[in-house]
Each structure stands twice: as C-alpha cells, then as structure tokens.
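**Q** pasting the sequence and the predicted coordinates here, then a few questions.
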Amino acid sequence: MATKRTIEVELSTTGLDREGRPQRVPLMADGGGTAVAYEAPPALEPDLGGEHMLINIGPQHPATHGVLRLVLELDGETVVRCIPHIGYLHCGFEKIGEYRQYNQIIPWTDREDYLNCIGNNIAFSLGAERLFGIEITPRCTVLRVIAMELSRIASHLVWMGTTGIDIGAYTPFLWSFQERENIYNLLEGWFGARLTTSGSRVGGMAADIPEKWLEGLQGFIRTFPKTLDECDRMLTKNGIWVGRTIGLGVMSPEEAMNYGLSGPMIRASGVAYDVRRDFPYLDYETYDFDVPVGNQGDVYDRYLVRMEEMRQSIRILEQAVKRLPDGPVNVDDPRLILPPKHKATSEMESMIHHFKNVMEGPRPPIGETYVAVEAPKGEKGYYFVSDGTSKPARWRIRPPSFVNLSAIPRMVEGHLLSDVIAINASIDIVMGEIDR
Amino acid sequence: MGLITQPEGAGMTTFDPQTQEGWVTTRLDFLVNWGRANSLWPMPFGTACCAIEFMASAASKFDLARFGMERMGFSPRQADVLICAGRVPFKLAPVLRRIWQQMPQPKWAISMGACASTGGMFDTYAVVQGIDTIIPIDVYVPGCPPRPEALIHGIMMLQKKIMHEQMSSKTLRNEMQPDPRSQLYIPADRIDELSEPFGNSVHQTRSAP
Amino acid sequence: MTAPFTIYQPEGEQPATPKQVPHRGGAANPSAAAIAAKFPGAVVRSHVMWGETTCVVERAKLHDIVQWLRDDAAQCYEYLSDVTAVEYRDLAQPIEVVWHLRSIKHRRFIRLKVELAKTAALEVPSIVDLYTGADWLERECFDMFGIKFAGHPDLRRILLWEQFQEGHPLRKDFPLRGRLSRSQQLTNALSANPEARYSMEELSIADAFEELPLDMRARLKGDSRTGE
C-alpha cells in the first residue's frame, strides 16, 4: 500500500510548484508516476495544454452535503484553485437570539447543527448556566454526558453513511441509518422527538429518563459495536476505499492549527487537541477514554479517527451508565426552573411563578462568557454577552465546520476533481451550522 | 396535459368532457395516472434538518422504494417531484426557482416541513416565508421536521392527487402569471400585510428586556 | 508529504472541570500580566469574569500583541478560536471586536477586545497574516457588522449576497425582519441571476481575464463585480 500511496500523491500534485502554489503544468505522467516535462505536440492541432476551465459545483448537488457551492478552476482534471461560496442557508440565528429569552433559544440550537441536536442543546445550556452562575446536579451531569455521546455517535454515523455514498459505497449508509434509528428511538423515549429534541434547559434537562430507558441504552451499547465492526470490516481495508482516501487533502499539524481546524480534522493532522480533555466540562476528565490522533492528516486518517471516536464514545457511555447517581435532575432554583405542571394548574402561587418565569424570563447578571464543547465536528463555542436583561445582548455561535470548511481551498489544490468530493466529505460539513 | 397530443381531425376532438364521460379517455387517464403515481422520481432539494429526516425515510427502516420512489433523481431534468426539505433563504430562492424551471412536465412539488411551507420559526430578514411564493406546491407536509411517516403520508396524498388528474384539463399544467385585472390578483402590499406575523407574543418581536 | 507527522501534545497537568466559578475575580491568566509588561500602555484594562481573562487593548497595538502571543515560547497562543463583534443595546456604548485565542500547548484561553467608538470609522487591523483561519471569520464579521479589517486581502460579504442592500444585520438598528417589505425582498432575491454571480476574483483567474473583451476587462478593473 505504501508504494501506491506515493504514486498517487505524486501524480495528483504535479500542478503545484515548490512553494505549493498552483501553476500551469499539464498533467503528463510516465509509467512510474513521475511528472515529465511538457513538450508541445508536433501535430497540427492547436495547443490546448494551458486551457483552464471554470466549473461550478452546487449549490444543489448531492455531494456537497447541503447547499455549498464550489467554483473550481481546473487544469485538465486537476484543481488549480477552489473558491467556496457559502451563505445559501443563512437564516439569522444570531439575530433571533437577541429577541428570545435564554430558554426560548434552545429550539434554535437544534436547527443549527442538525446532526447533533441534543449536543447543541446541552452546549447552550452549559454556556447559559455559566452566565447565570449555577451548578447543575450530579445526575444531570451524567445524563448530559450520555446524551452528548449518543449524539456524537449519531452524527458520525451520518458522516459515515453520506461519505460512503460519495465515494461509492452504498451499504454503510443503510447500516448506519439502521443504528441511527435505534438512537432516534432512545431519544424519542426520553424527549419525545426524534431529531430536534430541545432536550435541555438552563439548569437541568427537559425530562428525566423514563423507566427502563437505561436497558434500551445498554442494548444499544451491546449491539452497536457489532455494526461498527461490520462497517470497519467493509471499509477499512477495502481497496477502493483506501485508494480513494489515502493521501488526499493532507494538512500538516502547523497548518491545521493555523487554519483553526478542530475536532477530527485537527486530530487526524496529529494535534492532540480535544476540548473534552484540554478544557474539560461535565467532568469529562473523570472518564477513561482515549483521544485518537492521526499521523498523516489525510482523508483516510480522518475516517480512522472518527471510527475510533465512536468506539470511545461507547466506552464513555458504559462508564456513565454505571455511575449514574439518583437524585434530582434540575437545580433547586426557582429563578430558572418552572414549577411542576400539576401545581401550576392548581395553586395560585405556582401559577404566578410559572407566568412570571415564562413571560419575563430569568435575568442573568451583566457579563459575558465563552463556553466551548467538543461537538462531533469540532470545537463548538457559544459566546454570550448579557446586559442584565432576560435576552442576550449578543449570542454568538462559534461554528466548527465553518472554520474547517475555510481550509478547503488549501486541501483540494492539486488534487483531481473526483477527489474534491472525497475531501469535502471528509470535513463533515453541516450547512446549517456554517451559514447559521 | 400538454404531453399527449392528438393529430388534427382525429375522431376524438369532438369529445366534450363536460357533458359526456368517454370510456376511452377515462381508462387512458387511469392508466397514465396509475403509471405516473407509482413511479415518481423524487428530486430531493434538501437544505436543512428535514433533509436528514428525508434520508431516514429513504433508508432501510422506512424505505421509500416501496412507493415506487426507488430512484432519487439528483438532476432536476430527470425528476418528477421536487421535495423541498428545509428552509429556503432569499439567497437560495433564485436557485430553487431555476431548478423548478429545469424540471420537465409533468412535475409536482412537495413542501416538506414548517420552514419550507411558511418560514416556520425563522421569521427573519433572510428567510423566504413559504416557498409557495416562488414555485407552485401540491402537498404541504407539516412538522419540524416531519417524521418519515408524515412524509410518506404526504407522498401518498400526492399519489392520490395524481390519480385524479384528467388529460382533458387544459389548464392543469399552465403556469400562470396573475393578471392585475383579474380577481385573483393580490397586490404586493396586500401580500405584505398578510405575511406579517400574527398571534405572536409581543415579547418575541422585542429585543429587550 | 507521506512521512508521518510528529504528534503535537499539550503539556502539563490534566485540568479539571471548573466548579463554583465566581462572577468577578478569581485566578487571572498569567498572559494578561505578561502583555501589560511587554506592551506598556497598550492594555486599556483587563478583568476576569466567570473565570475567563479579558484584555481590552489599544487598536494600534492589537496586531503586535497577537503576533507576540503567538510566537513567544512562553505564551504559544497558536490557535485562534473565534473573531466576532458585540454591539450593545445601549447605543452610546462602543462596539467591541472580540478575539478568542487558545494556547493548546499550555491549555490557556484569553479574550482580547478592541473598543470602537461609533463616531469614528469601524476599522481594526486584520490578523489573517498570522492565522489563516481568521479569513472567513473576519469576512463574516464585516458582513454582519460592517467592521473593516485593514489588511484583509479579500474583504467582501460571505453569508449574505453581494447585492444585499439592507445593511449589516447584526447591528442593533437593523430590524429583525429586515428593512424592506417581504414582497420587495422576494422580488430582489428572484431577480438575482444565480449563475452569473462570479466574483471579480473568479473571473480574473488564470488566462480567462486576458481573453475577455476589452470593455469587460475595463469594467472588471473598475471594481464592479460582473453580472450583479
């Protein structure tokens, strides 16, 4: 495999000069795969060697995972330059946030990175809780870890399925969606919604887990690794998969940090940066898990890192199920938590309390905070600025795939057109989060 | 219908569908509609969350292939039904319009989810308040996002609708621009009034406190 | 290119989840004092809020400070998390541009701020030459707030489209539903020709520019984007 890798890289980077900048070198390779000097053919035909072509991919294209638009300048089949256009899904999330109370914003966080809904809910709640200065209960902490890791698995499964389709493997899509249905069922049992859960609140969760829910989760923990192993057996040593992913879109550790990549992208490039370990939240430092790190920085490494992350998530889930303590889920703080519904409909004081909390909303002290979590795509940050009113003066989303996508011109330079699809898939973009 | 034409002077040109039900026409209608309804080629125009539920509908558990939708047409030129899944901002509006224009007749459109149908929770400067202001819609599927069962129900409703189409209807496929003199015409400022939010709490349109 | 990378690992003790974080006060990031010592007079004020250190710095010194923070071995802020801006509801308050920097090596986090009075031009130095990742973040900030980043190579709208006439949406004087009526917004959007929207940069790439007709070339050089 090693020799093949070398040849492919050589062939696909002849469009670059020594500094790595694109130049117009026509693609002619001898049998060994090294580029040879271009000579004008003696034939009567006009010299077509230097013609560049401009093509447009998207915004409606199945392989752009949403409404991304790429304008590519091609030399033959080699990409000389790539200019991404985004914003086709810009909906003004951050503007809406200034018009809603903290708890009311949570449904919007679902729709922003819609593969990782419950993870976003929890990340938002963590940020808002820091702003209110409250500590969540031990049971809530563990429940949130369970929800976040389930959500990470669900997001990576979509990545695996859609990337498989892009590269030509249809079966992983069906298998991964089968497992996603299991996760959907679990989430539906807990929050009542499959995809857009809106499952957390400032100071707790929307609901405690129902009875026997943990048994369902344990069933998932038992069966999921088998499916993962099947996908692993099908892809990891598959000649087509390997041939289409190795050596593509290489980012060195220095470049990856300079571009601000995060999540599996930066870890595949050999930087062991995981927010869960380096800037921990939700007591992640007390769980025993490994941070997989690649050492080649190509599409194949990103695939390996994501596969390993799913296994590590299962490990975290196992530990979390074991340590789940009893006790209340929500904090005991009447500023934030609504009274139970049966009291709100029967007692005057509770009804007034409910009314005031819903209509006026809790007010945090003046201040600001930036809370980041390790979302499946990378470092997801929520930055709040409060001016003492019940609505944030500024709610900023730090979108990991926005920053990751900004490196795509660098990654696809010098590669073939068909490899652009594989590289784009490896970033794991979600347009809802990029455009917001 | 526009697709099936008859030569001049053919015997059936004198047939008047208003007064008389022709056996041949209705049988032919049934046959054509049956064929069309059960072999719809969807073109998923997936933008946001609804696209994930669309993928779930197409995947193993819900399996859209049972309804003759085995083949996803990612090119608008080889598709029958446009499924707009997700919110459509103004920046995407000309793209959606163009894709609709590129689809050949006969064609239908499903608006999947609250955002595509009405703008949903995105009542902002950037989002189209319902894609029926851009393209004609046959079926609206409610939900945020709709469950796969809801989408399948919407597709079955569309199939029923197709089964009741008549070839003799001359206006079925006409894409009309409203004439300002007609009674159907609504002036732009009236549309603005109608599309203002209603029933919302006043607190939701205020940025503070 | 195929040689394996050396793995870049953070140093020091494994940190723990912060608990009972005070609103104001608490341990400050040592880098804040280091900046004040290295650049006397450049730090307007610095404070710790919810456990995060914020330095409000002079606009003119920002680029030097960030460069020093990135390159100094004791600081090592190699990772730019975010660039954004804040406008307060109290319109008399200045607009703040915010940079979130991380040192992965030392596991530190610092927030730099520059205050921009609304009476003067909204302009701050760009740090694209230090962090390539700042490219899109600064463009987004320009798109949403209208803040100019001096030295940015290609500062144009990124999320909204070039012909968007209504202003910069995250400014507080911008209404939630935009300035134009719904039908006007839709008419404007539909009249945009999606396939003609190539930017100046795209059209001028490679040889295409030389082959364009003279009048079109002149128009492109005049900085009007074609087809829009």
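**A** Received it, and whenever you're ready, just let me know what you need.

**Q** so does the top helix by length along chain C get close to chain A?
**A** Across chain C, the helix with the greatest residue count (assigned by DSSP state H) is helix C:134-145. Yes: using C-beta under 8 Å from any C-beta of the partner chain, helix C:134-145 reaches chain A at C:134-137, C:140, C:144. Heads up, the C-betas are built off the backbone N, CA and C, glycines and all.

**Q** for residue C:15, what are its contacts?
**A** A:278-280, A:285, C:107 (C-beta atoms under 8 Å, 6 or more residues apart in numbering or on different chains).

**Q** again, 7 Å this time
**A** A:279-280, A:285, C:107 (C-beta atoms under 7 Å, 6 or more residues apart in numbering or on different chains).

**Q** do the same with residue A:297
**A** Residues in contact with residue A:297 (C-beta under 7 Å, 6+ apart) are A:250-252, A:256, A:268-270, C:5.

**Q** next one: residue B:206
**A** Contacts of residue B:206 by C-beta under 7 Å, 6+ apart are residue A:99.

**Q** before we move on, back to that, now list the buried members of the contacts of residue A:297.
**A** Buried residues within the contacts of residue A:297, counting neighbours by 16 or more other C-beta atoms under 10 Å in any protein chain shown: A:250-251, A:256, A:268-270, C:5.

**Q** burial count for residue 174?
**A** As the question left the chain open, I've gone with chain A. For residue A:174, the count of nearby residues is 15 (other C-beta atoms under 10 Å in any protein chain shown).

**Q** should've been chain C
**A** Other residues near residue C:174 come to 19 when the count uses other C-beta under 10 Å.

**Q** that one against residue C:167, yeah?
**A** Yes: applying C-beta atoms under 7 Å, one finds residue C:174 in contact with residue C:167, separated by 5.6 Å.

**Q** what is in contact with those two at once?
**A** Counting by C-beta under 7 Å, 6+ apart, nothing touches both residue C:174 and residue C:167.

**Q** give me the pLDDT value at the residue of chain C found nearest chain A.
**A** Among the residues of chain C, residue C:133 lies closest to chain A, at 2.9 Å counting by C-beta to the nearest C-beta. Residue C:133 carries a pLDDT value of 89.

**Q** find the nearest non-adjacent residue to it, please.
**A** Nearest in space to residue C:133, with sequence neighbours left out and distances taken as C-beta to C-beta, 6 or more residues apart in numbering or on different chains, is residue A:260 at 2.9 Å.

**Q** surely the one you found touches residue A:401?
**A** No: Residue A:260 is beyond contact range of residue A:401, at 11.7 Å (criterion: C-beta under 7 Å).

**Q** which one of the two is surrounded by more residues?
**A** Using other C-beta under 10 Å as the criterion, residue A:260 and residue A:401 rank with residue A:260 on top: 31 against 25.

**Q** phi and psi next, for the more buried one.
**A** Taking degrees, to the nearest 10, you get phi 70, psi 30 for the backbone angles of residue A:260.

**Q** OK, contacts around it?
**A** Residues near residue A:260 by C-beta under 7 Å, 6+ apart: A:403, C:79-80, C:131, C:133.

**Q** now do it against residue C:80, distance only.
**A** 5 Å (C-beta to C-beta, to the nearest Å).

**Q** ditto for residue B:94
**A** Distance from residue B:94 to residue C:80, by C-beta to C-beta: 35 Å.

**Q** of these two, give the one with the bigger neighbour count.
**A** More neighbours surround residue C:80 than the other of residue B:94 and residue C:80, with 24 against 19 (other C-beta under 10 Å).

**Q** quick check: residue C:158 touching residue C:143?
**A** Yes: using C-beta under 7 Å, residue C:158 makes contact with residue C:143 at a distance of 5.3 Å.

**Q** check the closest residue to residue B:59 other than its chain neighbours and give its pLDDT.
**A** Nearest residue to residue B:59 in three dimensions, chain neighbours excluded: residue A:177, at 3.5 Å (C-beta to C-beta, 6+ apart). Reported pLDDT at residue A:177 in the predicted model: 90.

**Q** CA-only coordinates of the helix or strand containing residue A:177 in PDB, if you can.
**A** Using DSSP states H and E, residue A:177 sits within helix A:171-191. Taking C-alpha atoms only, helix A:171-191 is exported to PDB below (Å, rounded to 0.1, in the frame of the first residue of the first chain):
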ATOM      1  CA  THR A 171     -24.200  -0.300   2.100                       C
ATOM      2  CA  PRO A 172     -22.700   1.700   5.100                       C
ATOM      3  CA  PHE A 173     -25.500   4.300   4.500                       C
ATOM      4  CA  LEU A 174     -28.100   1.700   5.100                       C
ATOM      5  CA  TRP A 175     -26.300   0.100   8.100                       C
ATOM      6  CA  SER A 176     -25.600   3.400   9.700                       C
ATOM      7  CA  PHE A 177     -29.200   4.600   9.400                       C
ATOM      8  CA  GLN A 178     -30.300   1.400  10.900                       C
ATOM      9  CA  GLU A 179     -28.300   2.200  14.000                       C
ATOM     10  CA  ARG A 180     -29.400   5.800  13.900                       C
ATOM     11  CA  GLU A 181     -33.000   4.600  14.100                       C
ATOM     12  CA  ASN A 182     -32.000   2.900  17.400                       C
ATOM     13  CA  ILE A 183     -30.600   6.200  18.700                       C
ATOM     14  CA  TYR A 184     -33.800   8.000  17.400                       C
ATOM     15  CA  ASN A 185     -35.900   5.600  19.400                       C
ATOM     16  CA  LEU A 186     -33.900   6.200  22.500                       C
ATOM     17  CA  LEU A 187     -34.100  10.000  22.100                       C
ATOM     18  CA  GLU A 188     -37.800   9.800  21.400                       C
ATOM     19  CA  GLY A 189     -38.400   7.800  24.500                       C
ATOM     20  CA  TRP A 190     -36.500  10.500  26.500                       C
ATOM     21  CA  PHE A 191     -37.500  13.800  24.900                       C
END
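
**Q** which residue is it, in chain B, that comes closest to chain C?
**A** Counting by C-beta to the nearest C-beta, chain B gets nearest chain C through residue B:125, at 3.2 Å.

**Q** how about the secondary structure of that residue?
**A** coil (DSSP: H, G, I helix; E, B strand; the rest coil).

**Q** that one: what's it in contact with?
**A** Going by C-beta under 7 Å, 6+ apart, the list of residues near residue B:125 reads A:92, C:166, C:169, C:176-178.

**Q** for the residues you listed, which one is nearest residue C:192?
**A** residue C:166 (14.1 Å; C-beta to C-beta).

**Q** which residue is the nearest non-sequential neighbour of the closest one?
**A** residue C:179 (4.4 Å).
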